[in-house]
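Q: after the sequence you'll find the predicted model.
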Amino acid sequence: MAAAPETTVPETTVPDSTGPDTTGPEAAGAGAPAPGGSPLLSVRDLAVAFRTRDGEVPAVREVSFDLARGEILGLVGESGSGKSTMLTALMRMLPRNAAITSGRVSFDGVELTALRENGMRRLRGDRIGLIPQRPMTSLSPATPVGRQLRWHLDGLDEDGRLRELLAGVGLGAVLDRLDGYPFEFSGGQLQRLLIAVAALGKRPDLLLADEPTTTLDATVQAQVLRLLLELRDRMGLAMVFVTHDLGVISQVSDRIGVMYAGRLVEIAPAGALFDAPRHPYTRALLEAIPGRRRRGEPLKAIPGTVAGANRLPGCPFAPRCAAVVDRCHEENPEVREVGESLVRCHRAEEDR
Ligand SMILES: Nc1ncnc2c1ncn2[C@@H]1O[C@H](COP(=O)(O)OP(=O)(O)OP(=O)(O)O)[C@@H](O)[C@H]1O
Ligand code: SF4
Ligand SMILES: [Mg+2]
C-alpha cells in the first residue's frame, strides 16, 4: 500500500466560509449526533434497488448519516456508486423501476419514507430543493423557459424575483430571452437556471445538489459556489453536494462522504479526509488527482471497475484493493470509528 497522500488539495477560487463546527469526532459520525442539536436530516440504513430484467439490482445499501442545519456534506465516488440514486431517494423522486427497500429518512422530525405524496410535494421545492444532474431532463423541451421558471416560483412576486434570481447566478443577460425554448440555451445556462430555482426560489432549508457546477466554466463555477456558500452563511442552508471535482469538494464541504458500490465507505471532516484518509478507496481516489502527483510521476488509476462489486461475498472493494487480506474476501466490514472518520474497512485502524 502506498504511503498516505500529501495533504495538498487542488486549488479552486472559492472564498472561505464559516459553517457549523463539524470538526469533532461526533460530528464526523454517520449515525452520530449532528453538531448544534438535532440534525436537519437523518438517514438510517437506507437501501434502494432497481427492478431490471435480470432481477433486483441494489444501488444504495446501508447508508447512514446526519446533516446539521447549515452543514455542507460533499459526496464523491466513481460513476455508478449510487450518488444520484441516493439524492433522488431522499426527494422520493426515484424512477418507476426503483424503490426504497429499507431504512428511514427523517427531515426536521418528519419521517419522509412514511409521508404521503401530497405531503412530500409540499416539502419539495419549499423546504428541500434538488439541482438534478442532467438539467435538460427536468425541463420540458416544448415550453418556453420563462414559463417553466414561473411554475416553480408559483405564488412569488414573479418579475422582481425572477430578475433577482437570474442576477444571483450571473444570468441577468438572458432576462429578455426567457420566451426561448430550452434548446436555445447552453447546458451551463440551463444548469444555472435550475440552481437559481432550487437554491433561491423558495429559500429551502436543504439543497440536494447533484454535480451542480460540472458543466460550468471556471469563472461561473466560482461565482455559483460563492453564492451557495453565501446562502449557507446567511440563511443556514444545508447541502448535500455531489461532485467528481475533489478540488471543489475540499473547498465547500464541512464533511465528505465517499461512496463505493452503493455504500458510504468513509465519512469524515473535510480536512481529516484529505490529511488522513482511512479507506483504501479514498486513498486511491486522492492519489488519482493530477495536482497531487509529483512531477514526472505517472497518474495513478484505480485498477478494475465497480461492476459486479456486490456479487461476491466479503468487502465489495476487495477485487481492486491494494491492501486486501484473506479476511476481506469472507467478511463485509462494518462501520468503525477511527480518529475523526467512520470507515468500512477491516484495516482502517492500521497505520499503512
Ligand atoms: N434507471 C435505472 N435502471 C436500472 N439501474 C439503474 C438506473 N439508474 C441507475 N441505475 C444503477 O444504479 C447504480 C447507481 O447509479 P447512480 O446514477 O446513482 O450512480 P452515480 O454515483 O450518480 O453515478 P455518476 O457519477 O455517473 O452520476 C448504477 O449501478 C446504475 O447502473
Ligand atoms: S476491507 Fe479489505 S478489501 Fe476492503 S477496503 Fe479494507 S483492506 Fe481493502
Ligand atoms: Mg449521478
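A: Sure thing, it's come through. Ligands and ions are numbered 1, 2, ... in the order given.
Q: thought S186 was touching V220, still the case?
A: No - if you go by Cβ atoms under 8 Å, V220 and S186 don't touch, sitting 10.6 Å apart. Bear in mind the C-beta positions are built from the backbone N, C-alpha and C, glycine included.
Q: near ligand 1, which residues of the stretch 101-250 of the chain?
A: Within the stretch 101-250 of the chain, the positions adjacent to ligand 1 are Q133 by Cβ under 6 Å from any ligand atom.
Q: can you give me the strands for the stretch 101-250 of the chain?
A: Assigned by DSSP state E, counting those that start in this stretch, the stretch 101-250 of the chain shows strands spanning 110-111, 128-131, 206-210, 238-242.
Q: and the first one, how far out from the chain middle?
A: Distance of strand 110-111 from its chain centroid, counting by Cα atoms, centre = their mean, to the nearest Å, is 21 Å.
Q: also the last one?
A: Strand 238-242 sits 5 Å away from the centroid of its parent chain (Cα atoms, centre = their mean).
Q: and what of the third one?
A: Going by Cα atoms, centre = their mean, the spacing between the C-alpha centre of strand 206-210 and its chain's C-alpha centre is 7 Å.
Q: give the buried residues for that strand.
A: Residues L206, L207, L208, A209, D210 are the ones in strand 206-210 that count as buried (16 or more other Cβ atoms under 10 Å).
Q: give me the contacts around that strand.
A: Applying Cβ atoms under 8 Å, 6 or more residues apart in numbering, the contact partners of strand 206-210 are 40-41, 67, 83-84, 87, 90-91, 107, 127-133, 195, 198-199, 228, 231, 237-242.
Q: pull the number of nearby residues for the residue of the chain found nearest ligand 3.
A: Using Cβ to the ion, S84 is the residue of the chain that sits closest to ligand 3, at 3.1 Å. Number of residues near S84 (other Cβ atoms under 10 Å) recorded here: 20.
Q: now the angle from the helix or strand where it lies to strand 206-210?
A: Element membership for S84 (DSSP states H and E) is helix 83-90. Per axes from the mean of the first three to the mean of the last three Cα atoms, to 10 degrees, the angle that helix 83-90 makes with strand 206-210 is 150 degrees.
Q: coming back round to it: can I get the buried residues of strand 206-210 in a markdown table with pLDDT?
A: As requested, the buried residues of strand 206-210 are arranged in a markdown table below (pLDDT from 0 to 100):
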| residue | pLDDT |
| --- | --- |
| L206 | 96 |
| L207 | 94 |
| L208 | 95 |
| A209 | 94 |
| D210 | 94 |
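Q: and R336, what does it touch?
A: With Cβ under 8 Å, 6+ apart, R336 has these contacts: L342, V343, R344, C345, A348, E349.
Q: host element of the residue lying closest to the second one once chain neighbours are set aside?
A: Nearest in space to V343, with sequence neighbours left out and distances taken as Cβ to Cβ, 6 or more residues apart in numbering, is R278 at 4.4 Å. Following DSSP H and E, there is no helix or strand that holds R278.
Q: with the one 3 residues further on instead?
A: Counting by DSSP H and E, the element that carries Y281 is helix 280-287.
Q: which residue does the stretch 101-250 of the chain bring closest to ligand 1?
A: Residue of the stretch 101-250 of the chain nearest ligand 1, by Cβ to the nearest ligand atom: Q133 (5.7 Å).
Q: can you give me the distance of the closest residue to that residue other than its chain neighbours to E164?
A: Here the nearest residue to Q133 in space, its sequence neighbours aside, is D210; by Cβ to Cβ, 6+ apart that works out to 4.1 Å. Separation of D210 from E164 (Cβ to Cβ, to the nearest Å) stands at 24 Å.
Q: ditto for L175
A: 11 Å.
Q: neighbours around the closest residue to R61 other than its chain neighbours, how many?
A: Leaving aside its sequence neighbours, R61 sits nearest to G262 (Cβ to Cβ, 6+ apart; 4.6 Å). Neighbours of G262 under the rule other Cβ under 10 Å: 28.
Q: ok, D217 next?
A: With other Cβ under 10 Å as criterion, D217 counts 9.
Q: so which residue is smack in the middle of the chain?
A: Nearest to the geometric centre of the chain sits V242, at 2.8 Å (Cα atoms, centre = their mean).
Q: now stretch 218-236: average pLDDT?
A: The pLDDT scores in stretch 218-236 average 85.
Q: just stretch 262-269 next, same as before
A: For stretch 262-269, the per-residue pLDDT averages 96.
Q: stretch 331-351 too?
A: Stretch 331-351 comes out at a mean pLDDT of 93.
Q: start to end distance for it?
A: Across stretch 331-351, the terminal residues are separated by 21 Å (Cα to Cα, to the nearest Å).
Q: give me the contact status of that stretch with ligand 2.
A: Yes - interface with ligand 2: stretch 331-351 contributes P333, C345, H346, R347 (Cβ under 6 Å from any ligand atom).
Q: which parts of that stretch are buried?
A: 332-333, 335, 337-348.
Q: next step: the residues you listed restricted to strands.
A: Counted as lying in strands by DSSP state E, out of those, are E337, V338, S341, L342, V343.
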